[in-house]
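Enquirer: I'd like to go over a predicted model; first the sequence, then the structure.
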Amino acid sequence: EVHLVESGGGSVQPGGSLRLSCSASGFTFGDYDMSWVRQAPGKGPDWVATISSGPGTTYYVDSVKGRFTISTDDSENTINLQMSNLKPEDTAVYYCNVLYRRTNYWGQGTQVTVSS
């Protein structure tokens, strides 16, 4: 059974940093693309970043390029999202995601609040 557990959210002031982690189990980590998606209050989910299986190519939504970095730790079956220079518009619940055998799996999410 696929299981994703996010951690690392919190409240920070604009310009601050946070590091999110997602512990994954139930599938062969590294064989599937992994993503972070966020959902702001009252809005639908928005894709944030993806790291591909194999070469680990990374992709980002334009609004976070240069500020966020997605990475994996294969020894820990974990994906991370390092977030810097956070802005109030980054406030959202952040979810990690994997498409495994034609099914999308999500964690429970972790709240990130950016406010002065």
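Expert: Good, I have the coordinates. Numbering: from 1, shown residues only.
Enquirer: How about the residue nearest in space to the middle of the chain: what's its closest non-neighbour residue?
Expert: In the chain, the centroid-proximal residue (CA atoms, centre = their mean) is residue 36; its distance is 3.0 Å. Sequence neighbours aside, residue 48 is the residue nearest to residue 36 in space, at 4.4 Å (criterion: CB to CB, 6 or more residues apart in numbering). All C-beta atoms are positioned from the backbone trio N, CA, C, and that covers glycine.
Enquirer: Make sure that neighbour is actually in contact with residue 60.
Expert: Yes: taking CB atoms under 8 Å as the definition, residue 48 is a contact partner of residue 60 at 7.2 Å.
Enquirer: where exactly do the helices run in this structure?
Expert: Taking DSSP state H as the test, none of the chain falls into helices.
Enquirer: what about the strands in it?
Expert: Using DSSP state E, the strands found in the chain span residues 3-7, 10-12, 18-25, 34-39, 45-51, 58-60, 68-73, 78-83, 92-100, 103-106, 110-114.
Enquirer: Of residue 48 and residue 60, which one has the most company?
Expert: Neighbour comparison, residue 48 and residue 60: the larger count goes to residue 48, with 25 against 17 (by other CB atoms under 10 Å).
Enquirer: Report the contact partners of that one.
Expert: 35-38, 60-61, 64, 68, 81, 94 (CB atoms under 8 Å, 6 or more residues apart in numbering).
Enquirer: now swap in residue 14 and tell me
Expert: The neighbourhood of residue 14, defined by CB under 8 Å, 6+ apart, consists of 86-88, 114-116.
Enquirer: With that, I have no additional questions.
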